[in-house]
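> Below are the sequence and a predicted model for it; my questions follow.
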There are 2 protein chains.
Amino acid sequence: MNKDDINILKQSPIFSALNENEVQDLVSLVKERRLVPDEVIFWEEDPSDWFYIVLKGKVKVTKMTSAGKEIILSFFGSGEMIGEVAVFENKPYPASAQSMTESRLVSIRKSDFLKFLLKHPEVSLKTIGILSGRLRESQSRLRDLAGEKVEQRLARLVLMLSYKLGSTLPFTRQDLSDMAGTTTETAIRVLSQWKERSIIRSVRGKIIIADESKLKLIAEGPPLV
Amino acid sequence: MNKDDINILKQSPIFSALNENEVQDLVSLVKERRLVPDEVIFWEEDPSDWFYIVLKGKVKVTKMTSAGKEIILSFFGSGEMIGEVAVFENKPYPASAQSMTESRLVSIRKSDFLKFLLKHPEVSLKTIGILSGRLRESQSRLRDLAGEKVEQRLARLVLMLSYKLGSTLPFTRQDLSDMAGTTTETAIRVLSQWKERSIIRSVRGKIIIADESKLKLIAEGPPLV
DNA sequence: CGCCTATTTGAAAACCGTCAAAGTATGTGG
DNA sequence: CCACATACTTTGACGGTTTTCAAATAGGCG
C-alpha cells in the first residue's frame, strides 16, 4: 500500500484515533482488492470471512425483494467500511455489495480484525459510533418508506444524499428509485416535474439541486391543517 | 434494586460478560424508573442524557410521519436497551419511546455509561454485537417496506415477531399496521382472510399463529414464474 | 350497564406500478 | 469520424393495490 492509501485509512472514521504505529499494525493485516465497475464484492448469504474499507470509488449495498427487484440500502465511498454487520455477528452477509465505478478496497480477515479490536478499545468506540449513525439513518428511512408518499420519499432521499455528497448527485433515476423503493418510471415522472419547476437540473446520470428550499417544502409534505 | 432485578441486568445481552464486582459497579450507577401503561419515556428530539434498560414490561420505539401517523420501529422487553443510538452519537433521541404495559426500567446517565464502557472493553464488543443485530433487522425491514406488498410484509412481520416472542403475539391489528407501514383497516382485512384460511386464530389484542408453514409461503410471495 | 377500545365491512377514489414504445445521450469499434 | 450498441430518459394508458372515509358491531372493564 502506498502513502496515499494509508492516509485514507488514517483519516477514515473508524481508524482516525490510531497513532502511527497502530496504523502500521493495521496495514500489516490488510489485502488490497481492485474492482472493475459493477463487480460483485460479496453476495447476500455468502459466508462473511472479510470485511472491507473503501479506498477509492463508489460501492452500493443491496438486497433483493422476493420478486427480484433490487433495493439499494446504501452507498459507500472513500474511508467507509462495508460488511461490518456480518463480521460482528458471525452470520452470513445480510446484503450484497457491488462496485459502481472502478474502485479499490482493502480487505481484512474477520478474525484478524476482531483481535485488533480487542487490542484497541478506541476503535471499538468509533465502531459503536459508526454503527449508531447507520442505525439512525436506517430508522429514518424506515419511517419514510413506511409512512411517506413517493414524492416526499424522493425529496427526503435527495436531500439526505446532498448533505452527504453536495448539491451534484452522481445517480441515475434508477439508482434513486432503487433507494426510495419505487420504480424508475415514477422517479422520472417526479423528477421531470421538479425540473419544470426549476427545483433541479439534470444531465444524464447526474442530478443537480437548484432550489433546496423548495425541495425541503416537498419533503415536509402538505400542511397538516 | 433487588436481586431479581440485578439478575436481569446480569443476563441481559449487553452485560452478560460482567462478573459479580463489575455488576455491582454498574448497579451503583443506575436509577430505577416505574411506568404506568402508555407513559412516554422520551420524545424524539429530546436531549439524550439517559439511556435505559428494560427490567419488566413492554416498550415501543416510534417515529411520526409528516402526516402525524405513528410508525413503530421496534419493541423491547426485559433486558433490552433503549436510547443507545443517541447516547453514542451525542445527538437528540432519533425516536420516541413509550411503555405499552406497566413497566420498570433502569436508567443510566450517558456520561456514566461512556466511562463504564471505557473501563470494560467486553461490554463494548457486546454493544457492537447488539447494534449490528439491530442494523441487520432494520435493513431487512427496509427491504420489505421498499419492495414487498402489504400481505407479504405482514406475513414477514408476524413471522419475525414469532421467532422473538413465540406463537402467541400480544399485539393489536393497529400495532401490526404501525409496524408494517400500512393502515389498521388493511391489516384487519388481511388477518381476517388468514383467519378464514386457518392460518391464525385471534382474540382481542392477541394473534395466535396456527399454521406457520402457510404463513411462510405467503411471506415468500408468489412463485416467480 | 355503559363506555372505551378493538374489530369489522363497504364503497369510492387516490396513488402508484406495470407494460409498451420511443426518443436521446455516450462510448466503442470499425 | 461515423455507425451502432447500450444505457438512460421520457411519455401515455391502464389497472391493481391500498388508502380513505364512514358506519356498525363486539369484547372487556369499572
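Received the coordinates, thanks.
> From here on, just use CA atoms for contacts and neighbour counts.
Will do.
> for A:Leu55, what are its contacts?
Contact analysis of A:Leu55 by Cα atoms under 8 Å, 6 or more residues apart in numbering or on different chains lists A:Asp5, A:Ile8, A:Leu9, A:Gly77, A:Ser78, A:Gly79, A:Ser103, A:Arg104, A:Leu105, A:Val106.
> what about the fifth one, how many neighbours?
It stands for A:Ser78. 20 (other Cα atoms under 10 Å in any protein chain shown).
> Equivalent analysis for the last one, please.
A:Val106 has 23 neighbouring residues, counting by other Cα under 10 Å.
> try the first one
Other residues lying near A:Asp5 total 18 when counted by other Cα under 10 Å.
> did I read that right, it in a strand?
No - judged by DSSP: H, G, I helix; E, B strand; the rest coil, A:Asp5 forms no part of a strand; its state is helix.
> How about the contacts made by it?
Neighbour list for A:Asp5: A:Leu55 [criterion: Cα under 8 Å, 6+ apart].
> any idea how far B:Thr168 is from it?
Using Cα to Cα, to the nearest Å, A:Asp5 is found at 53 Å from B:Thr168.
> quick one: buried residues of the longest helix anywhere in chain A?
The longest helix of chain A (DSSP state H) is helix A:121-147. Using 16 or more other Cα atoms under 10 Å in any protein chain shown as the test for burial, helix A:121-147 gives A:121-136, A:138-147.
> A:Ala210 touches A:Glu196, doesn't it?
No - look at A:Ala210 against A:Glu196 with Cα atoms under 8 Å: they stay out of range, at 11.5 Å.
> which residues in chain A form strands?
A:30-35, A:40-42, A:50-56, A:59-64, A:70-76, A:81-82, A:96-99, A:103-109, A:168-169, A:200-203, A:206-209 (DSSP state E).
> one step back: determine which two of the contacts of A:Leu55 are furthest apart.
Between any two of these, the greatest separation by Cα to Cα is 15.1 Å, found for A:Leu9 and A:Ser103.
> Up against DNA strand D, what does chain A have?
By the rule Cα under 7 Å from any atom of the strand, the part of chain A lying against DNA strand D is A:172-174, A:184-185, A:188-189, A:191-192, A:203-206.
> buried sites along stretch A:143-159?
Neighbour-count burial for stretch A:143-159 flags A:143-148, A:150-159 (criterion: 16+ other Cα under 10 Å).
> Give me the neighbour count for A:Glu196.
10.
> Quickly check: the helix or strand of chain A with the lowest mean pLDDT near chain B or not.
Using mean pLDDT, DSSP states H and E, the weakest-scoring helix or strand in chain A turns out to be helix A:84-89, at a mean of 88. Yes - under the criterion of Cα under 8 Å from any Cα of the partner chain, chain B is reached by helix A:84-89 at A:Glu84, A:Val85, A:Ala86, A:Phe88, A:Glu89.
> returning to what we had before: and the longest helix of chain A with strand A:70-76, angle?
Per axes from the mean of the first three to the mean of the last three Cα atoms, to 10 degrees, the angle that helix A:121-147 makes with strand A:70-76 is 140 degrees.
> Report all helices and strands that helix A:121-147 contacts.
helix A:110-119, strand B:70-76, helix B:84-89, helix B:121-147 (3 or more Cα pairs under 8 Å, 6 or more residues apart in numbering or on different chains; DSSP states H and E).
> Contacts only, for the spatially most central residue of chain A.
Chain A has A:Phe75 as the residue nearest its centroid, 2.3 Å off, counting by Cα atoms, centre = their mean. A:Phe75 is in contact with A:Lys58, A:Val59, A:Lys60, A:Val61, counting by Cα under 8 Å, 6+ apart.
> okay if I get these as JSON lines plus neighbour count and pLDDT?
Formatted as JSON lines, the contacts of A:Phe75 follow (neighbours: other Cα atoms under 10 Å in any protein chain shown; pLDDT from 0 to 100):
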{"residue": "A:Lys58", "neighbour count": "18", "pLDDT": "93"}
{"residue": "A:Val59", "neighbour count": "28", "pLDDT": "95"}
{"residue": "A:Lys60", "neighbour count": "21", "pLDDT": "95"}
{"residue": "A:Val61", "neighbour count": "22", "pLDDT": "97"}
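> Greatest separation within the residues you listed: which pair is it?
Within the contacts of A:Phe75, A:Lys58 and A:Val61 form the most distant pair, 10.3 Å apart (Cα to Cα).
> list the residues that contact both of these two?
In terms of Cα under 8 Å, 6+ apart, A:Lys58 and A:Val61 are both contacted by the residues A:Phe75, A:Phe76.
> Okay, domains of chain A per the record?
Following automatic domain parsing, one gets these domains for chain A: A:3-143, A:149-220.
> and A:Phe113, how many neighbours?
A:Phe113 has 19 neighbours, counted by other Cα under 10 Å.
> got any ranges where chain A has weak pLDDT?
A:224-225 (pLDDT under 70).
> Quick check: residues of it near DNA strand C?
A:Lys149, A:Val150, A:Glu151, A:Gly181, A:Thr182, A:Thr183, A:Glu185, A:Thr186, A:Val203, A:Arg204.
> Of those, which qualify as buried by neighbour count?
Judged by 16+ other Cα under 10 Å, buried ones among these: A:Val150, A:Glu151, A:Gly181, A:Thr182, A:Thr183.
> Between those residues, which sits nearest A:Leu18?
Checking those against A:Leu18 with Cα to Cα, the nearest one is A:Gly181 at 38.6 Å.
> Can you tell me the closest non-neighbouring residue to the closest one?
Spatially, and ignoring its direct neighbours in sequence, A:Gly181 is nearest to B:Ala146 (4.1 Å; Cα to Cα, 6 or more residues apart in numbering or on different chains).
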